[in-house]
Structure formats: C-alpha cells, structure tokens
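A.B. asks: Need a 3D model of the sequence below.
(chains A and B)
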Amino acid sequence: MRVPRRATAALLFTLLTGACGRADHGAGDVVPPWRPVIDQALAATAADALPETTAEARADVEELLDLASVDAANRERAWRRFEDLDPATRTGVLLDLVEDREFPDELRAWAYAALRDFGTVAMVPRLTLRLKYEKNWSANVDLALALLAHDSGAGLVALETILATEDADPAVRARAADALAALPPKEGWTPGADFEEDWRHLLEVLDDWLQDRVLTGTEERPIDGPLLAECWRVLARFRSQPLRPVDDARRIFERLPAPAVDLLLEAAYDEDRYVREHALQTLEWIGRPAGLRAERAGIALLERLQPLLDDPFTRARAVEALGAMRFPGTAEMLAPYLDDPTYDVVTSAADALLRVGGPVAESAAGDKLSRGGLLSPEARYSLTLLAFSDRAAEAPDGLDPSEQARRDAWAAARAE
Amino acid sequence: MRPDRFRPRSGAANAAAVVAILLGAAGVVALAWLLIPPTPAEPLVLHSSAQCLECHPGVAQEWQDSHHAFAFENPEVRKLSNDFGNQECIACHAPRPVLSFEPGERVLARASDRGLGVDCLSCHAHPDGGVGTSNPRPREDAPCRPLTVPRMASVEHCASCHNQHGTVDQWRAAPEALKGDSCLQCHMPQAFRAGGRSGFDHTYLAAHDLGALQSAVTLRGGWDASGPWAELVNDGAAHNFPTDERSRAADLQVRWQGADGAWSDWRHLYRFRDPYRDETDLTNTQLPSGATHRETPAAPEGATRGEVRILYRTNPFLSDEEARELYRVVLEP
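C.D. replies: Residues are numbered from 1 along each chain as shown, chains lettered A, B, ... in the order given. Below you'll find the model as predicted:
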C-alpha cells in the first residue's frame, strides 16, 4: 500500500513542479567536474611549506628571544644569531610561538619584532590572522610592518586605529607614526617630515588597498613558492566541520593580496562541497576587489563560475559571489535565476542583481515584480530597490531590519 | 407451468442472496480501498514556515515562544555578533534545512526569510520536497508529504548547530546515567495540545527556562570543622554547565552575616564559562557533566553565617540583577 500511495504523491509533485516551469540555464543540472583541488595542491606544494617546528629549534629561538629581552646590546647579539638560522625554520618557529597562548607576552612581543625583521613571505597568511587575535597594540605595529614588507596592506587598519585613538599609549602611537615611513613611496612625500602628510598618505594607501587589495605603487606579484604552500594550507581549513578554522581561513583570504583570489577560484571546484561553498562565500565577502582582480588578470570569471551555477548545492552561493564581484556581463547571466524553482536561489539572484545594478538588472527586476509569484521578503525588497531606485522602497512584511540595512548598503555601494 | 427458475424462492434462499450481495459489495469496497490510493490533499510546494501554521497551530505557538523563533532577532545575539557583521554566525541563526546535509554536518546560511530564525523548515524540510518527521506513522495524505526520518530524533540532527560550540561532544563524553537517549529527552519533552493532540514540545526548554536550569545542577553548602564550603554539582545536564562558549556564564557568589545581623555584599567565588576564541587570557571553566566544583571560602572575622548562590547569565556581561538565581544555600556553623 505504501508504495503506490507514495508513487502517486511523487507523480503529483513532479507534475506540479514541472508545471511551474524551470529556467533555461543552458547547461541544466549537470554534475560539474569536481576534483581534489586541495589535496592535489597540498601535495604539489608540500616541499615549499614551512617546516614542522622541532623541540630543538623552538628551544633555540626561545633562547634568542630571551636574550633579546635583556638589553639593547643583547638584543643586537640575538638578532645577529637570528641571521644564522635557516629562514624557513625561524619563520615557522616564530609563528608557532606568537600563536601559542601559553607563551609569555613579553617574549611574544620580541617574537613579533623578529618576524618583522627576519620572517619570510610564507608568514603572510598566518600573520594576517594574528591581526584578529593579537591585542597588544605595539605588537600590532610590528605585524603591520612585517606584512607591509611583503606587499600586504592588511595591517594598515591597525596603524590607522592606533593613530586615531588619542588616548592610546603615547609610546605605541609614536611607534605607529614611525611605522608610516614603511609605506610605499610617493612623489613629493618625505616620510617623517610632516605627520599630517604621513597621515594623508596612510589613508590614501589604505583606501587603495581596500579597493584593490594591491599596495599603491607596487606590482601584483603572483602567489608562488612558500607563500603558495601556506595559502593552500589555509584553504584546507575550509574542509573543517567546526566553524572556527573555516572562519579563520575566510578572514585570512579576505585580507590577502589580490592574487589570492585566483586560488579561491580554483578551490571553488574542490570535491568537498564545503570547500566550494566557502570559497564562493569568501569571494562574495571580498566582493568588488575580487572582480577587479579577475579583470586585471584577464580571468573569464563568468565562464569560470558557470558550472557552479549548474550545481543545485552551490548555485545560490555562486550567484551571490558573482553579484558581489560585479564583473561585466553579470546581470545578463544572473537575470534568468529570478525564475529558478528554488526559493532561496531567487533571493540570491535578486540580491546579486541589486549589487550589480544597471539597465538589464533593473529591467529584470521590474519584470519579475510585475509577473508576481513567490518571493521572500528579502527578494522583494531587493527587486523593489532595483526597479524603483528613484523612490524610497517600503520594507515588505517579515523583512528583518538588518537585512533591509544590508540591502540599502548594497544599493548605496553600487551608486558610489 | 412456470419454469423452476421463475418459481418464488424460499425465505432461506432469499436471505442467502442478500448476504451474498452484501458480501460482494463489501468486497468491492475493500478491493477499492486496497487498490485506489486515498485522495491526498494537494501537495504543497514548501517554501516558507508560514505554510505550516494552518495545520499545526499548537506546535507553531510553541515554536513562536521559543528561542529558535527568536534566533535571528535576539538582541543578545545581535550584540555578540556585531549585528551579524560576523556573518559566520548567520549559518546557525538562519540555517538552510538541516536535512539537506549529512547527519551531524555543519549547516550553511540561507538567504531568505532570515527573520524567522530557526524555523519549521530549518529542521523539517526534506530534500525531496516534503517534510521529515520522527513519527513512525505519519499521515500519508497530508499536503506537506511527511516522511519518517529517524535521524530527526537523534543527537546528530541537533549537532549540526549545537555542536559548533561543543555541546554534543560534551554529551557524548557524559556519564551514561545522565545521557538519556538524545537531546529531546530533556529539551523536547512530551507536550499535550488542544484537541487531544500531543507531541514533542517545540518551546525547547533550555537556558531561558528556570526549571530547566535548576534541573541541571545542585548547589550544596555547609560549615563544618574545617570551615565554610560550597559545592556545585552537575548532576542533571548531560553536557557541560553552562554549555556553549562565550554567551553563557554561571557565577558562584558568597555573602556573610555579621553579629549585628547585617549582610555583606555578594562576593565572587568562581565563574563557570568557556571563553570566546579571542579571550586568550582565559581558560575553559565549564563544569562537565557529572562533575563537582568545590569552594572553601574563608569567613571574615565575626561572621555568624553565610549564604552562597549560583547565578546564571545568558551572556557574561549581564549584571547580577539581570542574571537568574538558580539556588541559594545557607552556610551555618
């Protein structure tokens, strides 16, 4: 008895959903070519990765940090001995020490200073994460300097915060002001000559960094060698079921120099659906700077992500990522997804079109609203903002105020 | 002479014919019942939990009063997540349907109807388009097409969100005597609803319910030859007390009465809490299931007796006045 009844129900459902129609997305729901991207990359770059810290190496480095903490003369002595250590080994050990919660704060500060002076480019991903966890402002100055030395502006926000906080420790503010000398050079700017000029230059460099993830006046260097190996190690955290490692990895990749976007596009094809999901999500969180990177690097972003739109699991995230990156041609590609049979994909498409904007998106929004049909409050609001940009949109029933604010911010960002 | 076949039948023959006709009719009806499926209500294409309310008002009301319904709008969550500027928090506060993931796998955020928080579809929407239920005999003709999914009564179903801060792992490590079958035993007891219907309680009795909190621990205290003492025993929760990181805290406090009868202010003795990830200077002091924490506070000179109490805070920044007092015990020599 159960079988015929269920079969009947299934048939009815199939007929019903079939009658609703399905957007013609070209390729249909095919299985995209997932592959073990992360595993292959980890294997290919293993030789370049930072070595595991041995107890002996850790003891050596701890001894040098201890020596450095005695006085200036001993610090010089310690620094000379640091130069003799293998660069990859000392970088790996120093990173382990600054990440160790049990490591004494005073020595940790010296470890940051040593990373600033002796760390290799491989430290950039893990140091970027330290910006989140390190609460010592003086250490944050060293962090910013260490990152600047390797084409990363991720620490500039820390310098800005320290300098803008008038009641911060004057000695730390003085260190932050001195650190501005490490900013990329600019014609007519003499570091340290006039603090107002230094401050203005910091804000310009920071603004450029936030828009492009490229340091003003520097060339985009491809991510390769030890940095590449460390980046893949970070991306492997996307496979984690506990959220914390994922959250850390997303945070790092949001703040890495622009070429890291290329790795996210590769990871979006990993056989692990969580890696795909989080790679796309990180691209969305980076947003327009990721789209600009693709444009500069000549990456055919739309073609690159099309297979992810064909997969029901990743479709919504791919739509959102494309919308946030605002790559040319995105609106034409995403407009059909306003008729996707999945309620959540329709919302993602409406949001993505709101972020992209332009005549195609506006027209699609107007059409969808006039046709009626099922829309979430979020989708309805996004489409209304798009179609009637000349007047204030009323929030539909059930729209959370923060979701309204998020969409207002997207519309405003596009207008800028 | 009329042929025999036209001869009137006897009474017994007539009765037999009637019975035969009735039996035949009953057979036809039975055959039809067996072969023709009941006409199901038109199947719903589920997209929003609002669709569930019409047929399940009792459950809906329970859910409406629960913190699952409040998950996305809760001001405490808003504050701790920087108004969801920390977008990673959204996944569990407005999740896609849990049944779209493997048992115990972490959920991901949805884009639609976020204001509904952890809603009906979050837990019940089935990838096939109907709904999942732990009921072994669901109504097959219901428009939402319920399907028995045994994992809905398992810890794995809750783990997708509630193990992110380790609660389900704590349950796995708990003493067998405290564990019960699953999370449902304590957090979704049987509820009786209007119309004689019953089912799992969807108010999810937990950190916001005084009874649930009090059933988690026991506070003991005394004043013996070695002095005053107090113990908090986790003898009711099959996970740490308080479970969850950052957002929950419980404080043991003491105060003393002098010879003049006046009471001192409450003084902090111990905090039970798992610090958030960037509170690198703190360690996890939650009380594991089955464990006891003992304090031996020194009584000030002249104290004639004391009191200890345990306060529960849904976030660590709540004042004593905003916290819930679970128990208070007198310490007398």
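
A.B. asks: quick one: contacts for the residue of the stretch 151-300 of chain A found nearest chain B?
C.D. replies: Residue nearest to chain B within the stretch 151-300 of chain A: A:Asp247 (4.7 Å; Cβ to the nearest Cβ). Every residue, glycine included, has its C-beta placed from N, CA and C. A:Asp247 makes contacts with B:Glu88, as judged by Cβ atoms under 8 Å, 6 or more residues apart in numbering or on different chains.

A.B. asks: what bits of chain B have low per-residue confidence?
C.D. replies: Along chain B, the parts satisfying pLDDT under 70 run over B:1-14, B:17, B:28-41, B:245.

A.B. asks: For it, just list every one of the helices.
C.D. replies: Assigned by DSSP state H, the helices in chain B fall at B:11-35, B:57-64, B:75-80, B:90-93, B:120-124, B:155-162, B:167-172, B:176-179, B:184-187, B:210-216.

A.B. asks: between those helices, which gets nearest to A:Ser382?
C.D. replies: Taking Cβ to Cβ, helix B:90-93 is the member of those nearest to A:Ser382, at 16.8 Å.

A.B. asks: can you tell if the closest one touches chain A?
C.D. replies: Yes - against chain A, helix B:90-93 shows contacts by Cβ under 8 Å from any Cβ of the partner chain at B:Ala91.

A.B. asks: circling back: any idea which helix or strand carries the residue of the stretch 151-300 of chain A closest to chain B?
C.D. replies: Per DSSP states H and E, A:Asp247 falls inside helix A:243-255.

A.B. asks: again with A:Ala290
C.D. replies: helix A:288-297.

A.B. asks: next helix or strand past that helix?
C.D. replies: Per DSSP H and E, the first helix or strand lying C-terminal to helix A:288-297 is helix A:301-309.

A.B. asks: Residues in contact with stretch A:197-213: which ones?
C.D. replies: A:153-154, A:156-157, A:159-160, A:163, A:177, A:180-181, A:183-184, A:186, A:189-192, A:214-216, A:255-258, A:260-261, A:286, A:288-289, A:292-293.

A.B. asks: on that earlier part again, can you say which of the helices of chain B is packed in most?
C.D. replies: helix B:120-124 (a mean of 24; mean count of other Cβ atoms under 10 Å in any protein chain shown).

A.B. asks: Off-centre distance for that helix?
C.D. replies: Distance, stretch centre to chain centre, for helix B:120-124: 13 Å (Cα atoms, centre = their mean, to the nearest Å).

A.B. asks: Packing partners of it?
C.D. replies: Judged by 3 or more Cβ pairs under 8 Å, 6 or more residues apart in numbering or on different chains; DSSP states H and E, helix B:120-124 is in contact with strand B:131-133.

A.B. asks: Provide a list of residues in contact with the residue nearest the centre of chain A.
C.D. replies: By Cα atoms, centre = their mean, the mean C-alpha position of chain A lies nearest to A:Glu254, the distance being 1.7 Å. By Cβ under 8 Å, 6+ apart, the contact list for A:Glu254 reads A:Thr282, A:Trp285, A:Ile286.

A.B. asks: does the first one sit in a helix or strand, and which one?
C.D. replies: Following DSSP H and E, one finds A:Thr282 within helix A:273-286.

A.B. asks: how far off helix A:288-297 does that helix point, in degrees?
C.D. replies: Put simply, helix A:273-286 runs at 90 degrees to helix A:288-297, going by axes from the mean of the first three to the mean of the last three Cα atoms, to 10 degrees.

A.B. asks: Can helix A:273-286 be said to contact chain B?
C.D. replies: Yes - legend: contact between helix A:273-286 and chain B by Cβ under 8 Å from any Cβ is shown at A:Tyr274, A:Glu277, A:Trp285.

A.B. asks: Just among the residues you listed, which is most surrounded?
C.D. replies: Using other Cβ atoms under 10 Å in any protein chain shown as the neighbour test, the residues of helix A:273-286 next to chain B are led by A:Glu277, with 23 neighbours.

A.B. asks: For the helix holding A:Asp247, buried residues please.
C.D. replies: Buried residues in helix A:243-255, counted by 16 or more other Cβ atoms under 10 Å in any protein chain shown: A:Leu243, A:Val246, A:Asp247, A:Asp248, A:Ala249, A:Arg250, A:Arg251, A:Ile252, A:Phe253, A:Glu254, A:Arg255.

A.B. asks: how far away is B:Ala71 from chain A?
C.D. replies: From B:Ala71 over to chain A the distance is 11 Å, taken as Cβ to the nearest Cβ, to the nearest Å.

A.B. asks: Could you report the neighbour count for A:Gly292?
C.D. replies: For residue A:292 the amino acid is Leu, not Gly. 20.
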